[in-house]
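Student: here you go, sequence then predicted model.
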Amino acid sequence: MILYPAIDIRGGKCVRLVEGDFNRETTFDADPVDAALRWQAAGASWLHVVDLDGAKSGEPVNVESVRRVCAAVAIPVQLGGGLRTEAHLEAAFAINVERAVLGTTAVSDPGFVVGSVARWGDRIVVGLDARDGQLATHGWRNQSDASAVSTAREWERAGVRRFIFTDIRRDGTLAGPNLTALVELIAAVDADVIASGGVAEIDDLTALRNIGVAGVIIGRALYDGRIDLREAVATSAPLAPPR
């Protein structure tokens, strides 16, 4: 199980939101590079970066901040937020982003996602950002009637091999992950599922590992000091086989 420290960028700064609400923001690092280097030094093997301004505007905004993060660390970066055209993806990969997360377009522009998967393969990740099981788009401001599970099944058939499931109502709340929804999604697709939203303590990581998630994105709990990343990395190691 891979741990992905979250670096959410708004206005060039590393921030955290509650339930995706731009009015409920806390700034943790004036420079996202400081956060990136801190998590790398603590043992992270990946970073999960989100351009919050990009998610809201529909195109990448904090490009220079993302470029500086990618240049500063030796570990791969997974990027989401405002990636809605082929040019956006090309630009992201050109600055050494390893994976691109497509969220809004998974609902609004299926043809673009199909073409992106055909070109870039498993470097494309589909983000399933769900509020009460239904997908939200455009920086979580618009609510669709598309089911997260049924949408995941459709994208799996189209060749998507990795999903990020975010429970919006738990994101940034430290209320614990939505294990029920994750178990349902994992059972529905033959693909990697990365969990996001609500992680508050080490026991949450153990529970997520036990249900079979491939990775976990951790945000506020790291920044608040509730989870020590070095301890969390050890917790995420594979379970020992039964004797």
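Tutor: Yep, that arrived.
Student: show me where this protein has strands.
Tutor: 2-10, 13-18, 21-29, 47-51, 77-80, 99-102, 124-131, 134-137, 142-147, 162-167, 192-196, 215-218 (DSSP state E).
Student: how about these in CSV, adding mean pLDDT, mean neighbour count and distance to residue 117?
Tutor: Where C-beta positions appear, they are placed from N, C-alpha and C, glycine not excepted. Converted to CSV, the strands of the chain look like this (pLDDT from 0 to 100; neighbours: other CB atoms under 10 Å; distance: least, CB to CB, whole Å):
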stretch, mean pLDDT, mean neighbour count, distance to residue 117
strand 2-10, 96, 24, 21
strand 13-18, 83, 20, 29
strand 21-29, 74, 13, 30
strand 47-51, 97, 26, 20
strand 77-80, 98, 25, 16
strand 99-102, 97, 22, 9
strand 124-131, 91, 24, 5
strand 134-137, 78, 20, 18
strand 142-147, 74, 14, 18
strand 162-167, 94, 24, 10
strand 192-196, 96, 25, 14
strand 215-218, 96, 23, 19
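Student: of those strands, which is nearest residue 183?
Tutor: strand 192-196 (9.8 Å; CB to CB).
Student: who's in contact with that closest one?
Tutor: 2, 4, 6, 48, 125, 161-167, 171, 177, 182, 185-186, 208, 212-217 (CB atoms under 8 Å, 6 or more residues apart in numbering).
Student: right, and the strands of the chain - which one's nearest residue 108?
Tutor: Shortest distance between residue 108 and the strands of the chain, using CB to CB, is found for strand 134-137: 6.3 Å.
Student: which neighbours does the closest one have in its sheet, and in what orientation?
Tutor: If you go by DSSP bridges, strand 134-137 pairs up with strand 124-131 (antiparallel), strand 142-147 (antiparallel).
Student: hang on, the earlier thing: tell me which of the strands of the chain sits nearest to residue 227.
Tutor: With CB to CB as the criterion, residue 227 lies closest to strand 215-218 of those, at 6.2 Å.
Student: which residues are contacting that closest one?
Tutor: Contact with strand 215-218 is made by 1-6, 46, 48, 164, 166, 177, 192, 194-197, 199, 205, 208, 227, 229, 232, 236, as judged by CB under 8 Å, 6+ apart.
Student: swap in stretch 51-69?
Tutor: Contacts for stretch 51-69 (CB under 8 Å, 6+ apart): 7-12, 15, 17, 22, 32-33, 36, 47, 49, 77, 79-85, 88, 91-92, 95, 97, 103-104, 138-141.
Student: could I get the strands paired with strand 134-137 as JSON lines with distance to residue 41?
Tutor: Output for those, formatted as JSON lines (distance: least, CB to CB, whole Å):
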{"stretch": "strand 124-131", "distance to residue 41": "25"}
{"stretch": "strand 142-147", "distance to residue 41": "38"}
